[in-house]
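Engineer: Whatever this is, show me its structure:
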Amino acid sequence: MSQETLTRAWEVLQDAYQAQMEGDYDRAAELYQSSLELHPTAEAHTFLGWTYHYQGKLMDAIAECKRAIELDPDFGNPYNDIGAYMIELGQFDEAIPWLQQAVESRRYEPRHFRTTISAAPIWERKCMARRCAVSRKRSKSNRVIRLLGKRWNRFAAWSIDFLDYFLFSGF
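Structural biologist: Take a look at the predicted model:
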């Protein structure tokens, strides 16, 4: 593949991202697909999935993330996104392994601690905060913290506080 083709694929990817940020999801999807035709990347598949998500096409979004994983299994973002989409679909148990894989990935850009924010509604919805025993809630929040602590020890203390507040406050 020529350097010119790679450069063009990158330019189209940037244009797609800009269209997505402006809310022009149809145009963004077209541009991501054009970029993928020039040079398939895990990033382009993941962002195309993100675009599909905004269009309400969750199954298409998940399929794009799985394509991203096939291209680069070390890229953590598509695992996180699948976990978030599973939560949106109400498939909480299925979301947990995807979020765990995101945290354990070699190449993961957390997007402002998105995994913890994604995981918190699982515990809230599964536990129904006011009805669960404190020990059960603490156990689940500690499991998430252990997963995150592998990657971000400094972040773990904040995560415990966040999850404790979220789970115990009746939020």
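
Engineer: Identify all contacting residues around the helix or strand that contains residue 43.
Structural biologist: Element membership of residue 43, judged by DSSP states H and E, is helix 42-54. Here helix 42-54 makes contact (Cβ atoms under 8 Å, 6 or more residues apart in numbering) with 9, 13, 16-17, 20, 25, 28-29, 32-33, 35-36, 58, 60-65, 67-69, 71-72, 75, 77-78, 81, 85. Using the backbone N, CA and C atoms, a C-beta is placed for each residue, glycine as well.

Engineer: Now a ChimeraX select for only the buried ones of the residues you listed.
Structural biologist: Buried residues among the contacts of helix 42-54 (16 or more other Cβ atoms under 10 Å), as a ChimeraX selection:
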select :9,13,16,17,20,25,28,29,32,35,36,58,60,61,62,63,64,65,67,68,69,71,72,75,77,78,81,85
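
Engineer: now the helices for the chain?
Structural biologist: 3-21, 25-38, 42-54, 58-71, 77-88, 92-104, 114-127, 134-149, 153-168 (DSSP state H).

Engineer: Put the alpha carbons of the shortest one into CSV.
Structural biologist: Once side chains and other backbone atoms are set aside, the C-alpha atoms of helix 77-88 remain, and they are given as CSV (Å, rounded to 0.1, in the frame of the first residue of the first chain):
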residue,chain,number,x,y,z
ASN,A,77,-11.7,1.0,23.0
PRO,A,78,-13.9,-1.4,21.0
TYR,A,79,-14.2,-3.7,24.0
ASN,A,80,-15.3,-0.8,26.1
ASP,A,81,-17.8,0.3,23.5
ILE,A,82,-19.3,-3.2,23.2
GLY,A,83,-19.7,-3.2,27.0
ALA,A,84,-21.4,0.1,26.9
TYR,A,85,-23.7,-1.0,24.1
MET,A,86,-24.6,-4.2,26.0
ILE,A,87,-25.5,-2.0,29.0
GLU,A,88,-27.8,0.1,26.8
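
Engineer: Understood, closing this out.
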